[in-house]
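Peer 1: Sequence below, structure please.
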Amino acid sequence: MEARAGETITLHESHATRGLYDLVYLGQNIGHARLSTSGYIWDVEVDVEHRGRGRGKLLMLKMIERARYDGHPWVRVRVHDVNHVATTMYRQLGFKDTVTHGYDTVGHWVEAELEIDDV
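Peer 2: This is a model prediction of the structure:
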């Protein structure tokens, strides 16, 4: 994580949309993710200029922490198999592939699960 001393990166729930969380760095929204009531983390995105600095991983860790707080025993993600950056990050976090879904114009959808007690 690239942050100077005294700087913080925080997660804030959107006031407009339940389950939507904004990743805030130096007062600026630099990404977001959604947590469904059934434990799916989706719509994970970090602004281009903030990628490659561990902020996507931090966002996921904060989302997992939120899911644990909400009482979920597991979380799941769905990602295209050709999105190697995301699939690598999810595996590093301990996600295990559970299902491969149909093919679309981008590639196969892979669903992966993480038991929260494993984190």
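Peer 1: tell me which strands and helices the helix or strand of the chain with the lowest mean pLDDT is in contact with?
Peer 2: Sorted by mean pLDDT, DSSP states H and E, the helices and strands of the chain end with strand 96-103, the least confident at a mean of 79. Counting contacts by 3 or more CB pairs under 8 Å, 6 or more residues apart in numbering; DSSP states H and E, strand 96-103 packs against strand 108-115. Bear in mind the C-beta positions are built from the backbone N, C-alpha and C, glycine included.
Peer 1: and the angle for the strand it packs on with strand 96-103?
Peer 2: 160 degrees (axes from the mean of the first three to the mean of the last three CA atoms, to 10 degrees).
Peer 1: Which elements pack onto strand 108-115?
Peer 2: Checking 3+ CB pairs under 8 Å, 6+ apart, strand 108-115 ends up next to strand 74-80, helix 84-92, strand 96-103.
Peer 1: do you know which of these lies nearest residue 27?
Peer 2: Evaluated with CB to CB, the helices and strands packed on strand 108-115 place helix 84-92 nearest to residue 27, the distance being 25.5 Å.
Peer 1: So which other helices or strands are in contact with that closest one?
Peer 2: If you count contacts as 3+ CB pairs under 8 Å, 6+ apart, helix 84-92 packs onto helix 55-69, strand 74-80, strand 108-115.
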